[in-house]
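Predicted model follows, preceded by the sequence.
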Amino acid sequence: MNIAVCVKRVPKTAEADILIEKDGKDIKKDHLVFALNDWDGYAVREAVLLREKFEGEVTVITIGPEESKEVLTRCLAMGADRALRIEEPPSSDAHLIAQILSHALKDQPFDLILTGVQAEDDGWGQVGVALAQILGLPHASIVTRIEIEDGKAKVRRELEGGIEELVEIKLPAVLTIQTGINEPKYVSLAAILEAEDKETKEVGLDEIGFASEGPLDAMMDQVSFPPTGKMAEILKGTPDEVVAQLTEIIKKKKG
């Protein structure tokens, strides 16, 4: 079974100070730590587990700058066999990323194409399903379990309200992977150093036939912080006093 996994290098912003560039089109990234997108890590692990069961190869693919080789090396250390880095376009959105990936994948004999449900930085959650549509392949999103049998994938996918759906999809197919589908594997320094000897190929957009489609017109217009709302008010006193204060606040709000 040959599996392709689309991954992304993302900035870790949860505990970092976020600043916006002067032109207002992006955040400042020179002080941020970058890592493999969390959802994509689960997708790589699932691909490796399927490869171990059914044999074949796992290829990881990313679109990004030279520094993206760091996450590809990590994916190789997790058990992937080959890696491909595609040149980063000047600007992009989810549909454009899916178009670029489709050019790299359309003539390749993959049984499965996996992506994370979404990326931590933009949260679009659209690349996997858009890629399936462009390639004309069946797909399932938010997948929490995969079973392969007789050329089909039986998958469990997460719906709203804690409900799950069981679907059967004919291969080849595209699946977007939810966190928790498996147990992440610890990657040692020795494994990362060994992974640097595995095959990593780098190509430009023209090499995958994308440049011939015309100019790249997806542009980020502006980014901004959400407006700051009123800070929470802490009510102090005995329970009876707090209830009285809260009652007055509710009366004023209704007025």
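Nice, I can see it. Since this is a predicted model, take the numbers as computed values, not measurements.

Can you classify Cys6 by secondary structure?
Local secondary structure at Cys6 is given as strand here, using DSSP: H, G, I helix; E, B strand; the rest coil.

can I assume Val223 sits in a helix?
No: read with three-state DSSP, Val223 is coil and lies in no helix.

Which residues are in contact with it?
20, 24-27 (C-beta atoms under 8 Å, 6 or more residues apart in numbering). To be clear about C-beta, it is placed using only N, CA and C from the backbone, and glycine gets the same treatment.

Could you tell me which of those belong to strands?
Secondary-structure check on the contacts of Val223 using DSSP state E: no residue lies within strands.

now, which of these lie within helices?
Judged by DSSP state H, the contacts of Val223 include no members of helices.

Ala94: which of those is nearest?
Set against Ala94, the nearest of the contacts of Val223 by C-beta to C-beta is Asp26 (16.3 Å).

For that closest one, grab the count of nearby residues.
12 (other C-beta atoms under 10 Å).

Contacts for the helix or strand that contains Glu70, please.
Assigned by DSSP states H and E, Glu70 belongs to helix 69-77. Among residues not part of helix 69-77, those counted as contacts by C-beta under 8 Å, 6+ apart are 5, 7-9, 34-37, 44, 60, 62, 82-85, 187-188, 191-192, 194-196, 198, 200, 202.

beta partners of Val167?
Counting by DSSP bridges, Val167 forms beta bridges with Val155.

hang on, the earlier thing: make a markdown table from the contacts of Val223 and add distance to Ala132 and pLDDT to it.
Formatted as a markdown table, those follow (distance: C-beta to C-beta, whole Å; pLDDT from 0 to 100):
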| residue | distance to Ala132 | pLDDT |
| --- | --- | --- |
| Ile20 | 34 | 79 |
| Gly24 | 34 | 74 |
| Lys25 | 30 | 73 |
| Asp26 | 28 | 72 |
| Ile27 | 30 | 72 |
